[in-house]
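Novice: Mind looking at a prediction? Sequence and model below.
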Amino acid sequence: MDPRNELLMLLSAYRDGELTPAEKARVEQALAQDPSLALRLSDWNALSGGVQATLQQAGDGLDDAAFLKGLQAKLPVAPSLSFGTRLSIWWSEMVQFRPLSLASGFAAAAVLVLGGSYLGAQALSGGGAVPVAPNAPLIAEAPKAPPPAPQPLGGGATAVASRTPKASTVREVKPHPDHDAIVFENHAGASVIFLRPTRK
Amino acid sequence: MATERSDLDDLTLVRRCKEGDQRAFEQLVLRYQRKVYAVALGVVKNREEAQDVAQDAFVKVHRYLDHFKGDSSFYTWLYRITANLAIDRVRSKSKGEAVEYDETLQQEELTGELGVLGTRLGSNPQKATLRRELAGKIEEALAQIPEKHREILVLRELEGMSYEDLSKVLQIPKGTVMSRLFHARVKMQKILGGYLEGDDPEQGLGTKEG
C-alpha cells in the first residue's frame, strides 16, 4: 500500500482509538509535521458528528405508538401471570418504590395485633389494669341468647380491640351462666361489647 | 406505576421480563425503539424496512431473553442483534447482484479540499441552517456510498462499536474493518466536500484553512 494511504488509514483508526501505542506515536508525529492531516482528522470528526445527528434525528421521527402496536402484533401472546408471580412483582415494587408505605403498613399491623393482645389480656384478668368508672351508665349490652360458641379468647379480644386499639375504659362486666359480657368504651366514646366465655 | 417502572435499570427490567412481566418488556421497547430504528435506518435506508427490522430485533430479544446473561449491557446485545438483522436484510436483497466494490481511492479523493467539512459543521449557532442542510446531504451521501461502507460507518459512528465487535458482527477481519472504515470516510468526505466547495466562504460560513 502507498505509504501516504497507509498513514491516512492509521489516521482513521487513530480517530477511533484503535491503534497500538507504537502506531499512535507514529500518527501523532505525522500530525505534528503535516497540517493537512489535522484538517482531514477535523473533517472526519465533523463527519462522525454529522452522521450521528442525522440518524438520531431520523430516529426521533419514529411513531412510537405505531411501532409498539406493530411489534405487539409480531410477539407471541403472553400467558397470564400466576398469582405468585404477581405477588412477587408487587412485593419488589413496594420494596423499591414505596418502602415507607410498606414500613408504615407493617407498623400499623403490629400496633393492632399487639394492642389487641394487650386488651385481650386485660379482659381475661378482669380488667384490673384498666380503670373502671364506678356507676357508669351502660350504653349497650350484648344479647343474652343464644350463647356464643366457644372461641379462643385471644382471637376474640383481637377482633374487638383491633378496631379500638386505644380503648381504655371498661364500663361494666356482667356475668352470665356461660359467659361474661364486658363493655368497653373506646377512645371515640362508642361502646364495644366483648363476650368472654366462662371458664369451667 | 408506569412512571416508576421507567426508572428501573435495564437489568432489572430484563429480570422482570424473564419472570413474565410484559410491561417491563414494553418499557425496554419504549426506551430503545428510536435508537434501534436509527441503526436499522442507517443500514437499510428505507424507513418501512427499518421499522420492520427494528421490530424484528425486539421480537428476537423477547424470544431469546433467557439467553441473555448480562455479561454485556442490554443495549449492546440489542444493538448487535439489530445490526445483524439489518445487514442480513441488505444482503438478502442484494443477493444475486454481483456488485463490485471499488476499494481503490482516486487521487482526487485523497487530495480534496480539507478542513472545510469540519469548519462548516462546527458549533457556531449561526450555522444552524447550514447544518440542517448538511444533515440532508449526509443522508444522501450515506445512500450513495456502497452498502458495505455505509453499514460499517453507521455501526461505528452511531454507537462507537469497537473494531473487535465490528469484526464479529460483519464477519470480517479486523484489518478489513480498519480499511473499510477508512474508505467509507474518504468517500463520504469526497461527496460532502463537493457540496461544500460550491459555497461562498465569504458568507459567514467559515473560511478554508490549510
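Specialist: The structure has been received and is ready for your questions. Numbers count the residues shown, from 1 in each chain, chains lettered A, B, ... in the order given.

Novice: for the chain, what helix or strand is lowest in average pLDDT?
Specialist: Picking chain A for this. helix A:153-161 (a mean of 44; mean pLDDT, DSSP states H and E).

Novice: wait, I meant chain B there
Specialist: Lowest-scoring helix/strand for chain B, mean pLDDT, DSSP H and E: helix B:107-110, at a mean of 53.

Novice: Please, which helix or strand holds residue B:14?
Specialist: Assigned by DSSP states H and E, residue B:14 belongs to helix B:10-18.

Novice: Can you give me the buried ones in the helix or strand following that helix?
Specialist: Where DSSP H and E defines the elements, the next helix or strand beyond helix B:10-18 is helix B:22-44. Neighbour-count burial for helix B:22-44 flags B:22, B:24-29, B:31-44 (criterion: 16 or more other CB atoms under 10 Å in any protein chain shown). (Glycine included, C-beta is placed from N, CA and C.)

Novice: Those: which ones sit near chain A?
Specialist: B:22, B:26, B:29, B:33-35, B:37-39, B:41-42 (CB under 8 Å from any CB of the partner chain).

Novice: which one of these is nearest residue A:173?
Specialist: residue B:22 (59.0 Å; CB to CB).

Novice: where's that closest one relative to residue B:58, distance?
Specialist: Note on residue B:22: its distance to residue B:58, by CB to CB, to the nearest Å, is 12 Å.

Novice: Show me the helices in chain A, by range?
Specialist: A:3-15, A:21-33, A:35-60, A:64-74, A:83-97, A:99-124, A:153-161 (DSSP state H).

Novice: Tell me which other helices or strands the second one touches.
Specialist: Right, helix A:21-33. helix A:3-15, helix A:35-60 (3 or more CB pairs under 8 Å, 6 or more residues apart in numbering or on different chains; DSSP states H and E).

Novice: For chain B, find the nearest of these.
Specialist: helix A:35-60 (3.2 Å; CB to the nearest CB).

Novice: got the angle for that closest one vs helix A:3-15?
Specialist: 50 degrees (axes from the mean of the first three to the mean of the last three CA atoms, to 10 degrees).

Novice: For chain B, tell me whether helix A:35-60 is touching it.
Specialist: Yes - for helix A:35-60 and chain B, the contact criterion (CB under 8 Å from any CB) is met by A:35-36, A:38-40, A:42-60.

Novice: any low-confidence regions in chain A?
Specialist: A:78-83, A:85-86, A:89-90, A:93, A:97, A:123-168, A:187, A:198-200 (pLDDT under 70).

Novice: Can you give the contact residues for the host helix or strand of residue B:85?
Specialist: Using DSSP H and E, residue B:85 sits in helix B:74-93. Contact with helix B:74-93 is made by B:10-11, B:13-14, B:28, B:32, B:35-36, B:39-40, B:42-44, B:49-50, B:53-54, B:56-58, B:60-61, B:68, B:147, B:151, B:155, B:159, B:161, B:165, B:169-170, as judged by CB atoms under 8 Å, 6 or more residues apart in numbering or on different chains.

Novice: what separates residue A:112 from residue A:106, distance-wise?
Specialist: 11 Å.

Novice: quick one: low-confidence parts of chain B?
Specialist: Ranges of chain B meeting pLDDT under 70: B:1-5, B:95-132, B:194-210.

Novice: tell me, what residue is most central in it?
Specialist: The residue lying closest to the centre of chain B (CA atoms, centre = their mean) is residue B:154, at 2.7 Å.

Novice: Run the chain-centre distance for the helix or strand harbouring that residue.
Specialist: Using DSSP H and E, residue B:154 sits within helix B:147-159. Relative to its chain's centre, helix B:147-159 lies at 5 Å (CA atoms, centre = their mean, to the nearest Å).

Novice: sorry, back to before: which of the residues of helix A:35-60 next to chain B count as buried?
Specialist: A:38-40, A:42-44, A:46-55, A:58-59.

Novice: now residue B:11: how far from residue B:193?
Specialist: 44 Å.

Novice: Show me which of the two is the more surrounded one.
Specialist: Set residue B:11 next to residue B:193 and count neighbours by other CB atoms under 10 Å in any protein chain shown: residue B:193 wins out with 19 against 12.
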